[in-house]
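Peer 1: the following block contains a protein sequence and its predicted model.
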Amino acid sequence: MSGPFSSPCPPALHHRHRELCSADFFLLARPFLDAIAFLFPTGLHLSFLPDPAEESGPDPGTTTLYLSLPLADSNQVNLRLHSTDPVLMAQISAQWLEEQRDNVLHILSLLRPAFIDCTNGFYNLRALCHALQTVQGTFFLLHLGCIKKNITSTQQACAKAADLLTNTVDAIFFSCGFGLFAALRREENLESGRRSARLLQRHLRQEGISRAQVLYLSTEQACTIFKKDGLAGFQDFWATVDKQGPFGLLCASAENERYTTRFDLDNTNAFSLLQKKWRGLTAFSLALFKIAGQPNNQENQENTPPAEALPLAAMQHYGDIIPVAPHTLACFFPETIPPKAQETASTIRQILQKTLPTATISVGIAGWPYLDYAKRNIPANCLKALLHASLLGPGQQVLFDHLSLNVSGDSYFEEGDYQQAIREYRRGLKVQPDDVNLLNSLGVTLAAYGQDHQAAACFRRALQVEADNHMALTNLGSILLHQGKDDAAFTYLQQAHAAFPASEPLPRELLQPLARLYLERRQFDQALIVLEHWAVSMTMEKDVLYYRQLGLALEGSGYTGKAMRAFEQALKLAPQDALSMGHLGGLYLANGEGEELGLHLCEQAVNLEQHNPVLWRLLGKAYYGLAKTEAAFEAAKQSLRLQPACAEGMLLAAKICLQKKNIPRARYWLNRAMKLHTINPELAHEITRTLAKLAKGTGAAPQTQP
């Protein structure tokens with residue numbers, strides 16, 4: 001069914017899910033080989049190899065033949081045929097084997113769609129079943145919150161999420177339905193997987209995704225769960241992730257998950273003894289002494305004597321000494337306030353230092369009563385103070401306070417336990433209500449938890465204390481941008497940019513949205529200045545977003561050659577970056593770099609992101625420049641269907657109408673564009689000038705691409 005807002009798609013869109021790629025022969029080797037086995041004589045063993053040179057060497061007595069299979073991604077895979085029967089192998093002629101190539105490719109091309117989600121081109125659950133048995137590494141489940149009020153909005157949100165994943169992470173992706181995706185990466189360990197997941201969450205949040213929950217575990221464990229219960233086997237883990245908020249992160253391998261025991265004493269006997277000592281007391285303090293060898297000694301722990309070899313008798317005079325671990329001591333001070341305990345701990349530390357002159361001794365001290373903590377929480381507070389001390393340098397002594405709570409909150413935040421992080425920050429603010437760092441930390445965590453209004457209140461409160469605090473300005477600008485309040489966000493981000501100390505590198509969290517807002521306002525020179533800071537202060541060799549925004553700024557400033565190089569670099573890093581692809585195609589057309597290539601890039605960009613109005617507008621401009629009026633008008637209307645209140649789309653539609661000699665319709669689109677309150681001055685001036693020409697009867701169709 002066609003109409004004024006139909007979606008004309010280039011033919012390639014309907015065939016791309018059948019195009020074989022090299023990853024198919026790795027992930028789907030078993031079903032692929034089963035499907036083509038009937039083509040070859042019984043007794044032949046089949047397998048796929050990217051390159052015969054990679055084979056370690058033929059087995060003795062085995063004859064091997066190879067059939068090369070060219071693929072759509074310009075790679076090739078080789079079908080390996082081998083047998084220990086020399087008579088059988090001698091009957092296979094080179095000509096017959098070559099004739100089988102088309103048959104093999106045809107069968108596999110027909111089979112591939114059974115393993116592909118046709119809505120986004122990702123592998124589906126059927127493919128995931130096979131992949132988990134093949135890939136060794138880390139398995140990720142991603143919930144990106146794509147469920148909307150209607151099916152169309154849900155499909156658009158899922159398509160956007162799929163595009164972002166493709167352009168953000170180097171992984172093999174699987175679509176599990178309605179905003180749930182899976183990914184496989186060949187991570188060295190689960191800690192590397194955690195870092196990858198955190199990086200992915202940060203990128204998705206910067207791209208406007210409001211929910212990105214991640215569950216990860218080894219592929220072996222995932223395969224076991226998936227074989228038994230399918231996706232339902234992960235339900236209990238998701239319940240835990242949900243408690244952490246919209247950006248929760250959980251390792252489903254219990255032995256690698258550390259939130260619940262991070263600040264617990266490992267020695268239960270020592271904890272039981274402490275419980276007996278503080279029972280019935282109205283106050284007490286506790287100090288934990290962490291002993292390590294020389295800072296420059298790589299074997300510091302092995303060179304440190306165990307607690308039993310220390311001068312415990314001399315230290316017992318100052319408090320009750322309890323060995324907790326081979327290199328950790330606890331000292332209990334009954335009915336003692338923390339400042340007094342701090343003085344005594346310094347004396348004990350000096351005694352230890354005389355016995356261990358080359359060791360570094362860190363001390364964490366906490367007392368009870370303190371805030372709303374129970375007695376059983378005080379050892380954990382000592383461990384938090386020790387973590388605080390470790391950040392200050394070797395051999396430091398710290399009394400548990402609001403700064404320690406900031407440190408422990410940051411630790412919980414890094415591990416994805418947002419609820420506990422919020423509790424830590426709020427407790428710290430009870431001690432020091434106007435601490436700007438705590439307010440910033442609490443605001444960032446609330447924002448990550450999806451509570452934008454409370455987060456903004458934290459940042460505003462921080463700015464009441466310190467009006468030019470660059471982090472609070474940056475964070476408040478980001479929150480307002482996320483809420484769609486672009487003008488207010490722009491003001492705060494500009495202030496943050498001006499307030500940042502010259503000695504500190506400007507963070508990506510400031511530069512990326514600020515560059516984007518300058519680009520949207522067509523302030524290309526200012527965008528280039530921000531991007532220069534980005535290039536200086538950050539490692540952006542592999543930052544696709546940097547090169548994309550650089551290309552947009554250079555294109556807007558008229559530096560078309562440099563813009564093309566920037567977009568080409570973006571596509572080199574992310575071959576499916578649709579926005580860079582569309583703009584590069586438009587520049588190729590405008591600069592005579594090849595009409596066929598330019599139009600192909602614009603069409604391919606729309607294939608990748610069918611719900612992006614900018615790409616339809618770029619395709620419309622491409623058709624317009626090639627005088628393909630009807631195709632241009634359909635593309636322009638599709639752009640306006642996706643983004644109705646877009647002045648650029650209306651201006652394009654008007655110019656196409658002028659090209660078709662339809663003056664009344666052109667005037668209609670121009671007048672509609674002028675009524676938009678979001679129109680920028682440059683576009684308004686161009687539209688006013690065009691309307692004036694029409695009023696004089698000189699509104700001839702422009703001959704250059706808009």
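Peer 2: Now that the structure is in, tell me what you want to look at.

Peer 1: any idea which element the residue lying farthest from the centre of the chain lies in?
Peer 2: Relative to the centre of the chain, the most outlying C-alpha is that of Val87, 55.6 Å out, by CA atoms, centre = their mean. According to DSSP states H and E, Val87 maps onto helix 86-90.

Peer 1: quick one: average pLDDT of that helix?
Peer 2: Helix 86-90 shows a mean pLDDT of 86.

Peer 1: now His82: phi and psi?
Peer 2: Here is the backbone geometry of His82 (degrees, to the nearest 10): phi -140, psi 150.

Peer 1: check it and give its pLDDT.
Peer 2: pLDDT for His82: 86.

Peer 1: partner residues bridging it?
Peer 2: Judged by DSSP bridges, the bridge partners of His82 are His45, Thr64.

Peer 1: for Gly364, see how far away Leu392 is.
Peer 2: Distance of Leu392 to Gly364, given as CB to CB, to the nearest Å: 11 Å. For the C-beta atoms, the positions are set from N, CA and C on the backbone; glycine is no exception.

Peer 1: the more surrounded of the two?
Peer 2: Neighbour count, other CB atoms under 10 Å: between Leu392 and Gly364, Gly364 has more, with 27 against 13.

Peer 1: re the thing from before, enumerate the positions of the helix holding Val87 that are buried.
Peer 2: Within helix 86-90, the residues that count as buried by 16 or more other CB atoms under 10 Å are Met89.

Peer 1: kindly report the same for stretch 476-485.
Peer 2: 476-482.

Peer 1: stretch 430-446 now?
Peer 2: Neighbour counts over stretch 430-446 (16+ other CB under 10 Å) mark 431-432, 435-446 as buried.

Peer 1: repeat for stretch 451-462
Peer 2: Neighbour counts over stretch 451-462 (16+ other CB under 10 Å) mark 451-452, 455-459, 461-462 as buried.

Peer 1: one more: stretch 409-418?
Peer 2: In stretch 409-418, counting by 16+ other CB under 10 Å, buried: 409-413, 415-418.

Peer 1: quick one: residues contacting the spatially closest residue to Leu571 that is not a sequence neighbour.
Peer 2: Distance criterion CB to CB, 6 or more residues apart in numbering; nearest residue to Leu571, sequence neighbours excluded, is Ser580 at 5.4 Å. Applying CB atoms under 8 Å, 6 or more residues apart in numbering to Ser580 gives the contacts 544, 547-548, 551, 567, 570-571, 574.

Peer 1: distance from the helix or strand hosting Leu438 to the middle of the chain?
Peer 2: Assigned by DSSP H and E, Leu438 belongs to helix 436-448. In terms of CA atoms, centre = their mean, to the nearest Å, the centre of helix 436-448 is set 20 Å apart from its chain centre.

Peer 1: likewise for stretch 74-85?
Peer 2: On CA atoms, centre = their mean, the centre of stretch 74-85 falls 38 Å from that of its chain.

Peer 1: and for stretch 226-243?
Peer 2: The answer for stretch 226-243 is 21 Å, by CA atoms, centre = their mean.

Peer 1: CA atoms of it as PDB?
Peer 2: Output of stretch 226-243 as PDB, limited to C-alpha atoms (Å, rounded to 0.1, in the frame of the first residue of the first chain):
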ATOM      1  CA  PHE A 226      20.200 -21.500  28.400                       C
ATOM      2  CA  LYS A 227      20.100 -25.300  27.600                       C
ATOM      3  CA  LYS A 228      18.100 -26.000  30.700                       C
ATOM      4  CA  ASP A 229      15.600 -23.100  30.900                       C
ATOM      5  CA  GLY A 230      16.200 -20.700  28.000                       C
ATOM      6  CA  LEU A 231      15.900 -17.000  28.800                       C
ATOM      7  CA  ALA A 232      13.700 -17.800  31.800                       C
ATOM      8  CA  GLY A 233      16.800 -19.200  33.600                       C
ATOM      9  CA  PHE A 234      18.000 -15.600  34.000                       C
ATOM     10  CA  GLN A 235      14.900 -14.300  35.600                       C
ATOM     11  CA  ASP A 236      16.200 -14.300  39.200                       C
ATOM     12  CA  PHE A 237      19.300 -12.500  38.100                       C
ATOM     13  CA  TRP A 238      17.200  -9.800  36.400                       C
ATOM     14  CA  ALA A 239      15.300  -9.300  39.700                       C
ATOM     15  CA  THR A 240      18.600  -8.400  41.400                       C
ATOM     16  CA  VAL A 241      19.500  -6.100  38.500                       C
ATOM     17  CA  ASP A 242      16.200  -4.300  38.700                       C
ATOM     18  CA  LYS A 243      16.900  -3.400  42.300                       C
END
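
Peer 1: how about it: buried residues?
Peer 2: Going by neighbour count (16+ other CB under 10 Å), the buried part of stretch 226-243 is 226, 231, 234, 237-238, 240-241.

Peer 1: ok, now stretch 523-534?
Peer 2: Buried, per 16+ other CB under 10 Å, within stretch 523-534: 523-524, 526-528, 530-531, 533-534.

Peer 1: so which of these are in helices?
Peer 2: 524, 526-528, 530-531, 533-534 (DSSP state H).

Peer 1: residue contacts, the nearest residue to Gln526 once chain neighbours are set aside?
Peer 2: Excluding the flanking residues, the one nearest Gln526 by CB to CB, 6+ apart is Tyr518, at 4.6 Å. Going by CB under 8 Å, 6+ apart, Tyr518 touches 524, 526-527, 530, 553.

Peer 1: do the same with Phe174
Peer 2: With CB under 8 Å, 6+ apart, Phe174 has these contacts: 117, 122-125, 127-128, 131, 181-184.

Peer 1: excluding chain neighbours, what is closest to the residue nearest the centre of the chain?
Peer 2: Nearest to the mean C-alpha position of the chain, counting by CA atoms, centre = their mean, stands Leu200 at 1.5 Å. Distances taken as CB to CB, 6+ apart place Val169 nearest to Leu200, at 5.4 Å, with adjacent residues excluded.

Peer 1: export the contacts of Phe174 as a markdown table, with columns for pLDDT, distance to Leu215 and secondary structure.
Peer 2: Listed next are the contacts of Phe174 as a markdown table, based on pLDDT from 0 to 100; distance: CB to CB, whole Å; DSSP: H, G, I helix; E, B strand; the rest coil:
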| residue | pLDDT | distance to Leu215 | secondary structure |
| --- | --- | --- | --- |
| Asp117 | 87 | 20 | coil |
| Phe122 | 88 | 18 | coil |
| Tyr123 | 92 | 18 | strand |
| Asn124 | 91 | 19 | coil |
| Leu125 | 91 | 16 | helix |
| Ala127 | 92 | 19 | helix |
| Leu128 | 92 | 14 | helix |
| Ala131 | 90 | 17 | helix |
| Phe181 | 91 | 11 | strand |
| Ala182 | 91 | 10 | strand |
| Ala183 | 90 | 11 | strand |
| Leu184 | 91 | 14 | strand |
